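Enquirer: Fold the following, please.
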Amino acid sequence: MTVWSKEAIERSIELLRDGFSASAAAEVIANEGLRKTCTRNAVIGIWDRHAKNQGVYAIKVETPTKQIVQKNVKKRQEILKEIERIKSHDGENYNAIMSLKRDQCRWPIGDPYKKDFRFCTEKVADITMGPYCPEHRRMAYIPSKYKQT
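Expert: Model prediction:
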């Protein structure tokens, strides 16, 4: 454990008053040559032991208004509902696609957000030609001479 000089302690408290984070204060103290090396945790320790005795505390952040809090809670609830909806549907579809064998067609049939969603599962003649049966391969891969430019 190294001893902090009085100047380094005073400078760290000054940086706290100016709103610096512990990491930023440590960097400033090291760059100014007040200490050979200075870590975030060392600054936090100094602030804990010395700054509180002088009545200096971290900058107080204004508390958000009731309207802002309610708005954020509402947004969070909407996001959580959407996540649950996606999880429930994706979980079913994930299990469905993971249960397909290598030689089964993976052409999706129906709306992925509905319970009746499924995959074709017809036999894939040649798996090197893609993940679809011959019928769906014709639909998925349009020859270049038929593509619109």
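
Enquirer: which regions of this protein sit below the pLDDT cut-off?
Expert: Low-confidence segments of the chain (pLDDT under 70): 1, 52-64, 83, 85-96, 144-149.

Enquirer: now the strands for it?
Expert: With DSSP state E as the criterion, the chain has strands at 108-109, 118-119.

Enquirer: Mind listing what's buried along stretch 22-30?
Expert: Using 16 or more other CB atoms under 10 Å as the test for burial, stretch 22-30 gives 22, 25-30. Every residue, glycine included, has its C-beta placed from N, CA and C.

Enquirer: Quick check: residue 133 touching residue 123?
Expert: Yes. Using CB atoms under 8 Å, residue 133 is in contact with residue 123, at 6.5 Å.

Enquirer: out of the buried residues of stretch 22-30, who's nearest residue 66?
Expert: Nearest to residue 66 out of the buried residues of stretch 22-30 is residue 22 (CB to CB; 31.5 Å).
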